[in-house]
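Trainee: Turn this into a model:
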Amino acid sequence: MKVLRVVASCCFSILSSACLWAQSTGPDDRRITDPKSVTSTTNPKAHPIPIDDLYFTRSVSSASWSPNGKEFLFTTDMSGRSNLWKVSAAGGWPVQLIQSDERQTQGTWSPDGRWIVFQQDLGGNELWDIFAVPSEGGEIVNLTNTPDIREESPRWSPDGKTISVNYKPRDGTVYDLALLEWATHKVSKVTHEASPDHSWNSVAWSPDGKTLYANRFEISFTDADVYAVDVRSGKTTNLTAHQGKVLNSASSLSPDGKTLLITSDRKGGYQNVALLDIPTSKVTWVTDTKWEANSGDFSPTGKSFTYTLNADGLPDVYLVDASSMRAEKLPLGAGVNALAAYPNSFSPSGDRLLLSHESSVQPGDFWIYDIASRSTQRLSRSAVASLGSAPMPDSQIVHYKTFDGKTISALMWVPFNLNRDGSNPALVLPHGGPTGQVQDYWSPRVAALVSRGYICIAPNVRGSTGYGIDFQRANYQDLGGGDLQDEVYATKFLQATGYVAPRKIGITGGSYGGFMTLMAIGKTPDAWTAAVELFGIIDWMSMLQHSDPQLQQYEKSLLGDPVKDKKAYDAASPITYIHNVMVPLLVLQGDNDPRVPKEEATQVVELLKRDGKTVDAHYYPNEGHGFEKRENQIDAIRRTVDWFDRYLKNKP
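Mentor: Below is the predicted model:
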């Protein structure tokens, strides 16, 4: 369950990337924002951005270099569906490789460059199969054809004869490692996980193809280890054995097969990057920070590697010289900067890096970084033309104290041309997860709301990642407790700015954000005036009956044993408070959602209708957890805007 940024200055704690490091070297150094420092900028050109323009703006993701470095493959919804395309690495018009109503992702070239394999599901059901298509285009072939098994993240062996996949039956709670033989399409499991709350994901093949390096992680994402797996015998060797709970995960193997690039929170519960020497298990630290650092990729020569550093929702990419350990931040600008290619963002020759950049005012695009010249070149232009001239206010990072003194970071957007007269509508946007973080992503949903006059704030409440393991664990057996109060205290910050009307505050979110929306209007009904929830949880006990079994294990990691800890489940379930709801609620849900099944939404609607409350719902066929098809995305945001216009702006 997952998903989601006013004049930025070095005063108080409203941070732009330019002043970020002068302000804060970690979560402990965040300064509380003076609400009166938040301002609405005057802009005579401001106008509501057409919704079609926002949603016809493309998204790009999941890229992969061709073996010769001349092309790369990627997923885009340019056609209205998330299909595979490819483009010259020098730039140019992309070519659609697959036309389908279904979505494809994780495409990757065979070592000889003749084939591309990828994963595809059906109607958003997340029961992925592995497919292949000739790299020059042609008929696609379903290599696994297992409607009751998820096969994900295909990874070619060096000789191109075998593909490793992450493998989970529909009714299973764990992912194992499996091998797909290219010639015969036969799939055989390599690991046989016995613990119901642990899973595997592959990282890299050894140069000789005899060993598969992988991560074995506990479902709460608070404990993990890096393993070497002998692909013939299935023997596993733990390379990061430890006592207690420590999160260790690898991301890349050096070309000589001797070193793994890893992320570990062994340093006081904060994620840092390190080099793991495989023969000795010796760890050499690369970073020492309380912000969230994540390991990246080794270059094909092994002379350099990458990592990302996420400071309060603003990630940057760093390139490190392996001999001197000198790190250089790559010049991509403020926002969310990331390594873009799978399984490696370095070009095959090692002279370039494929990166992505986006922000709350700029849709995501691919960029090439030339290492020798230290220059960047933009490869894609996702925005439709009108967005280039449409003014959008930048996000701000604000900090406020919550009920128990904890500091909460939030992204905030203030529309143009507002009067500080306490009359304006506002929305709180709880994120998904709860194991996740709001970052400065491009969001057409947020852009649609902000450009229509809604002040928006998206808090990173307790349970969020990015602020250390203690903060991530702070909502254990307290879902919808302290974290809900963190959302409520965002409304107090909004009102303290002087812009927001207390009776014009709404709340909307999806997945765990949908759960939080339901908890908010039931448990703290006086704080809200209207709500829109997307695929949210109403009853954790019914989730144990209907959701994907692995998600059920995740639920237990957050709430405990459903029998012994039933009081925690009841206290954390919106159904306990649903009869207190006073505000009008809109429910949006996909029919095929395997994570938060449709039964959750129908319970909400039935109970509120029975109470005579104001509720409406819309269900989307052939959609899963989140809406992939453009026409459904547009319909959902139109319904959301209309709902809030009616109940927060009193429009007919």
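
Trainee: For the helix of greatest length in the chain, enumerate the helices and strands it packs against.
Mentor: What stands out as the longest helix in the chain, according to DSSP state H, is helix 630-648. For helix 630-648, the elements it packs on are helix 51-56, strand 424-428, helix 444-450, strand 500-510, strand 530-534, strand 585-590, strand 615-620, judged by 3 or more C-beta pairs under 8 Å, 6 or more residues apart in numbering; DSSP states H and E. To be clear about C-beta, it is placed using only N, CA and C from the backbone, and glycine gets the same treatment.

Trainee: mean confidence score for that helix?
Mentor: For helix 630-648, mean pLDDT rounds to 98.

Trainee: ok now it, how far from the chain's centre?
Mentor: 23 Å (C-alpha atoms, centre = their mean, to the nearest Å).

Trainee: would you put the C-alpha positions of it in CSV?
Mentor: The C-alpha trace of helix 630-648 is given here as CSV (Å, rounded to 0.1, in the frame of the first residue of the first chain):
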residue,chain,number,x,y,z
ARG,A,630,-6.0,7.9,-18.7
GLU,A,631,-9.7,8.2,-19.0
ASN,A,632,-10.2,6.8,-15.5
GLN,A,633,-7.5,9.2,-14.1
ILE,A,634,-9.3,12.1,-15.7
ASP,A,635,-12.7,10.9,-14.4
ALA,A,636,-11.4,10.5,-10.9
ILE,A,637,-9.9,14.0,-10.6
ARG,A,638,-13.0,15.6,-12.1
ARG,A,639,-15.2,13.9,-9.5
THR,A,640,-12.7,14.9,-6.8
VAL,A,641,-12.7,18.6,-7.9
ASP,A,642,-16.5,18.7,-8.3
TRP,A,643,-16.9,17.2,-4.8
PHE,A,644,-14.7,19.7,-3.1
ASP,A,645,-16.1,22.6,-5.1
ARG,A,646,-19.6,21.7,-4.0
TYR,A,647,-18.8,21.2,-0.3
LEU,A,648,-15.9,23.5,0.3
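
Trainee: And it, what's buried?
Mentor: Buried residues in helix 630-648, counted by 16 or more other C-beta atoms under 10 Å: 630, 632-637, 639-641, 643-645, 647-648.

Trainee: What pLDDT is listed against the closest residue in space to residue 300 that isn't next to it in sequence?
Mentor: In space, residue 300 comes closest to residue 350 once its chain neighbours are excluded; the distance is 4.2 Å by C-beta to C-beta, 6 or more residues apart in numbering. What the model reports for residue 350 is a pLDDT of 97.

Trainee: ok, now residue 652?
Mentor: pLDDT, residue 652: 81.

Trainee: cool, residue 389 as well?
Mentor: At residue 389, pLDDT is 81.

Trainee: what do you get for residue 25?
Mentor: Looking at residue 25, its pLDDT stands at 78.

Trainee: The chain should start at 44 in everything you say after this.
Mentor: All set: I'll call the first residue 44, so the last point we hit is now residue 68.

Trainee: show me where pLDDT drops low in the stretch 294-443 of the chain?
Mentor: Applying pLDDT under 70 to the stretch 294-443 of the chain flags no residue at all.

Trainee: so for the helix or strand hosting residue 531, what's the average pLDDT?
Mentor: Counting by DSSP states H and E, the element that carries residue 531 is helix 525-539. Regarding helix 525-539, the rounded mean pLDDT is 98.

Trainee: likewise stretch 268-275?
Mentor: In this model, stretch 268-275 has a mean pLDDT of 98.

Trainee: Can you list the neighbours in contact with it?
Mentor: 205, 220, 222, 233-234, 243, 246, 252-260, 278-285, 291-293, 303, 305, 319, 321 (C-beta atoms under 8 Å, 6 or more residues apart in numbering).

Trainee: related to what we said a few turns ago, list the helices and strands the helix holding residue 531 packs on?
Mentor: In terms of contacts (3+ C-beta pairs under 8 Å, 6+ apart), helix 525-539 is packed against strand 439-444, strand 450-456, strand 467-471, strand 498-503, strand 543-553, helix 555-566.

Trainee: next one: the first one to chain centre, how far?
Mentor: The reference is to strand 439-444. 21 Å.

Trainee: do the fourth one as well
Mentor: Once both centres are worked out by C-alpha atoms, centre = their mean, strand 498-503 turns out to sit 17 Å from its chain's centre.

Trainee: And for stretch 358-368?
Mentor: For stretch 358-368, the distance to the chain centre is 24 Å (C-alpha atoms, centre = their mean).

Trainee: now the closest residue in space to residue 578 that isn't next to it in sequence: how far from residue 565?
Mentor: With C-beta to C-beta, 6+ apart as the criterion, residue 578 has its nearest non-adjacent residue at 4.6 Å, and that residue is residue 639. For residue 639, the distance to residue 565 (C-beta to C-beta, to the nearest Å) stands at 17 Å.

Trainee: higher neighbour count, the two?
Mentor: Between residue 639 and residue 565, counting by other C-beta atoms under 10 Å, residue 639 is the more crowded of the two (29 against 25).
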